[in-house]
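Q: test case, fold it:
(2 chains)
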Amino acid sequence: AAGVIQSPRHLIKEKRETATLKCYPIPRHDTVYWYQQGPGQDPQFLISFYEKMQSDKGSIPDRFSAQQFSDYHSELNMSSLELGDSALYFCASTFGDRFEPPLHFGNGTRLTVT
Amino acid sequence: SQQGEEDPQALSIQEGENATMNCSYKTSINNLQWYRQNSGRGLVHLILIRSNEREKHSGRLRVTLDTSKKSSSLLITASRAADTASYFCATAWYRGSNYKLTFGKGTLLTVNP
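A: Numbering: from 1, shown residues only, chains lettered A, B, ... in the order given. All right, here's what the predicted structure looks like:
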């Protein structure tokens, strides 16, 4: 069965550079969530989209922005990167906005900022 | 934070033993979910329990939910080395157009062969 696809799998950037992470949800899923997971930490919610509209916002820095496109894929844009942005970034998708069925996670993008 | 701590933070057991992990939360929820994460990989959904349910089973997994104590437990019976992973609980809360799925700190389970 198709899963959530994230690209790239690994990304190395320098401080103050920009990065774009992409997420392709499971077909027919209309809801996308972005989470950030630092080393040894729990996943922290960043932002979510339902039917191409932002549905909720968490601890996402102002330097980050995201959107969901007409084909339901989503992109997380990160500017003025800082060392503390180094983390695993997960995208998850589901159908509907009620967490039932639960989220399906991609394998994440590991961002390293040097 | 909507989430409390999971305990223990780390658990090491022998193959065949049972593993119990606990999760506490702070606010009202619609459901609670448990996820598993192998090192550096994505989170895999294990089981969901609704706020009006008290216990749920799925294979070797048993989840309990006590909404009066705002706590949940995940029991893995007859553990296997392949169960070695981090386990996270996540609480789902929604009111109208506001939705949140918040993860706890996680328990690192090591099952020794």
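Q: how would you label the spatially most central residue of chain A: helix, strand or coil?
A: With distances taken as Cα atoms, centre = their mean, chain A has residue A:34 as the residue nearest its mean C-alpha position (3.3 Å). Counting by DSSP: H, G, I helix; E, B strand; the rest coil, the backbone at residue A:34 sits in strand.
Q: which residues of chain A lie near chain B?
A: Proximity of chain A to chain B (Cβ under 8 Å from any Cβ of the partner chain) is limited to residues A:4, A:33, A:35, A:41-45, A:48, A:50, A:55-56, A:58, A:88, A:90, A:92, A:97-100, A:102-108, A:110. C-beta coordinates here come from the backbone N, C-alpha and C atoms, glycine included.
Q: so where's chain B shaky on pLDDT?
A: Counting by pLDDT under 70, chain B contains low-confidence ranges at B:1-5, B:96-98.
Q: where along it do the helices fall?
A: With DSSP state H applied, chain B shows no helices anywhere along its length.
Q: check residue A:90 and give its pLDDT.
A: According to the predicted model, the pLDDT of residue A:90 comes to 96.
Q: chain neighbours aside, what residue packs nearest to residue A:92?
A: Leaving aside its sequence neighbours, residue A:92 sits nearest to residue A:103 (Cβ to Cβ, 6 or more residues apart in numbering or on different chains; 3.9 Å).
Q: and the one you found, what does it touch?
A: The neighbourhood of residue A:103, defined by Cβ atoms under 8 Å, 6 or more residues apart in numbering or on different chains, consists of A:33, A:92-94, B:43, B:45, B:101.
Q: what about those, which are in strands?
A: Within the contacts of residue A:103, membership in strands is found for A:33, A:92-94, B:43, B:45, B:101, as judged by DSSP state E.
Q: can you add neighbour count and give those residues back as TSV?
A: Conversion of the ones in strands among the contacts of residue A:103 to TSV gives the following (neighbours: other Cβ atoms under 10 Å in any protein chain shown):
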residue	neighbour count
A:33	27
A:92	28
A:93	26
A:94	24
B:43	29
B:45	17
B:101	25
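Q: what's the closest of those to residue B:107?
A: Ranking the ones in strands among the contacts of residue A:103 by separation from residue B:107, with Cβ to Cβ as the measure, puts residue B:43 on top at 13.6 Å.
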